[in-house]
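K.L.:
based on what follows, work out the 3D shape:
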Amino acid sequence: MKVDPIEILLNKKIELNKSFYFISGNEPTLIEKVKQIIISLYNQKNTIKYNKIKDITQYRRDVGLFDNNIVYLVSDTSGLNNEILDGLDTKDDVFIFVIENSPKIKHLKNIFINRKDSYLIDCYELTKDLKARILKSFVDNKKIKLNEDNFWSLVEKLDNKYVFLEKELEKLSDFESGEIKEDVIEKIITKDTSGLEKIFFEILQNNERLVNIYNDRVTNQKEANDFYYSFRQFCYLIINNNNQTDFSKNIPKYLFRERGFLINVFNKYNNKKKNLLIKLMLNTEKGLRFDGSLSVIIGLRFLLSFKKITIS
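P.N.:
Prediction:
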């Protein structure tokens, strides 16, 4: 059965009567938010244990009289098919699959759509209509007043990635039970240099989309330098931590909503990739120092090279 992630997002509820939740799509921050909501709902329902396994073949049902049911977080589709799912002795255990979108998982989505014990939740980058739904729910709950023109102006300005849209909406909370006018929208929802940090959270997009995002936000030498040095903080975070536990502890607190995405990226790196990243950073910094006229091109080359290292 297919479920609308925006309904989960807005209502903070979903029927917890399935064994399998397959969450996928091209928007990692929305995927992470939906996953957190489902986990939170299970926490409210009962005392639950959690366990991370790489793929379904690692599942072993531990039978005990007083055992809690377990929510398994699964990050790989290896060994996944209808026969395997039918043969699992899950009892009341639950499986949440969090899988990056790719052509090879299309047939798996069909499996979960057609199973009565499963939910498929596709999380894609927010469209104008989806942003309008989220904004409408937000202003209604906060009793914020917006005329129609300002409503749609705000929809256009809101980010297409959920985590950043959520941050932008938080800025509007000060106007609870009040009216927001056009000049206020221009002041609090703007495309400024802080948007450069967001580029890091776009790195799993296809190259055409990634280039368009970069070109939209980086147009001169100053912006190229600001982009690189905002991006560099994430590189050092990856390089300077040896395991996921340490990495997670060192994620800045203000990035708590992006934690899942950052951990996902970190887990793609081994020592060989870290060495390649160090070499890339040295070459990039050298280029930015000695050839400022090419800084925008150097920044784009760095971005695409970083993505190549990450996904290789």
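K.L.:
give the residue spans of the stretch 101-250 of the chain that score low on pLDDT.
P.N.:
187-195 (pLDDT under 70).
K.L.:
quick one: residue 109 from residue 120, how far?
P.N.:
6 Å (C-beta to C-beta, to the nearest Å). From N, CA and C alone the C-beta is placed, and that goes for glycine too.
K.L.:
more neighbours, the two?
P.N.:
residue 120 (21 against 16; other C-beta atoms under 10 Å).
K.L.:
mutual contacts of residue 109 and residue 120, please.
P.N.:
Shared contacts of residue 109 and residue 120, defined by C-beta atoms under 8 Å, 6 or more residues apart in numbering, comprise 22, 24.
K.L.:
the strands in the stretch 201-312 of the chain, which residues?
P.N.:
Assigned by DSSP state E, counting those that start in this stretch, the strands in the stretch 201-312 of the chain number zero.
K.L.:
the stretch 1-150 of the chain now?
P.N.:
In the stretch 1-150 of the chain, the strands defined using DSSP E, counting those that start in this stretch lie at 20-25, 49-53, 70-74, 94-98, 118-123.
K.L.:
helices and strands around the third one, which ones?
P.N.:
So that's strand 70-74. Here strand 70-74 touches helix 28-45, strand 49-53, strand 94-98, going by 3 or more C-beta pairs under 8 Å, 6 or more residues apart in numbering; DSSP states H and E.
K.L.:
go again using 10 Å as the cut-off
P.N.:
Judged by 3 or more C-beta pairs under 10 Å, 6 or more residues apart in numbering; DSSP states H and E, the packing partners of strand 70-74 are strand 20-25, helix 28-45, strand 49-53, strand 94-98.
K.L.:
how about it as PDB, C-alpha atoms only?
P.N.:
Only the C-alpha atoms of strand 70-74 are listed here, as PDB (Å, rounded to 0.1, in the frame of the first residue of the first chain):
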ATOM      1  CA  ILE A  70      11.900  -4.800  17.900                       C
ATOM      2  CA  VAL A  71      11.900  -2.100  15.200                       C
ATOM      3  CA  TYR A  72      14.600  -3.000  12.700                       C
ATOM      4  CA  LEU A  73      16.200  -0.200  10.600                       C
ATOM      5  CA  VAL A  74      17.400  -1.700   7.400                       C
END
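K.L.:
show me how far that strand is from its chain's centre.
P.N.:
19 Å (C-alpha atoms, centre = their mean, to the nearest Å).
K.L.:
on that earlier part again, which among the strands of the stretch 1-150 of the chain is found nearest to residue 281?
P.N.:
strand 94-98 (29.2 Å; C-beta to C-beta).
K.L.:
quick one: the closest one to strand 20-25, angle?
P.N.:
Relative orientation of strand 94-98 versus strand 20-25 (axes from the mean of the first three to the mean of the last three C-alpha atoms, to 10 degrees): 10 degrees.
K.L.:
strand 94-98 pairs with which strands, parallel or anti?
P.N.:
strand 20-25 (parallel), strand 70-74 (parallel) (DSSP bridges).
K.L.:
buried ones in the first one?
P.N.:
For strand 20-25, the buried set under the neighbour-count rule, 16 or more other C-beta atoms under 10 Å, comprises 20, 21, 22, 23, 24, 25.
K.L.:
likewise for stretch 180-188?
P.N.:
180, 184, 185.
K.L.:
how about stretch 76-89?
P.N.:
77, 80, 85.
K.L.:
which residues does residue 166 contact?
P.N.:
The contact partners of residue 166, by C-beta atoms under 10 Å, 6 or more residues apart in numbering, come to 9, 29, 30, 33, 134, 138, 158, 159, 257.
K.L.:
which element is encountered next along the chain beyond the strand or helix carrying it?
P.N.:
Per DSSP states H and E, residue 166 falls inside helix 162-170. Toward the C-terminus, helix 162-170 is succeeded by helix 182-188 as the next helix or strand (DSSP H and E).
K.L.:
which strands and helices lie in contact with that following helix?
P.N.:
Right, helix 182-188 is packed against helix 148-157 by 3+ C-beta pairs under 10 Å, 6+ apart.
K.L.:
just the buried residues of the helix it packs on, please?
P.N.:
Neighbour count says helix 148-157 has 150, 151, 153, 154, 155, 157 buried, by 16+ other C-beta under 10 Å.
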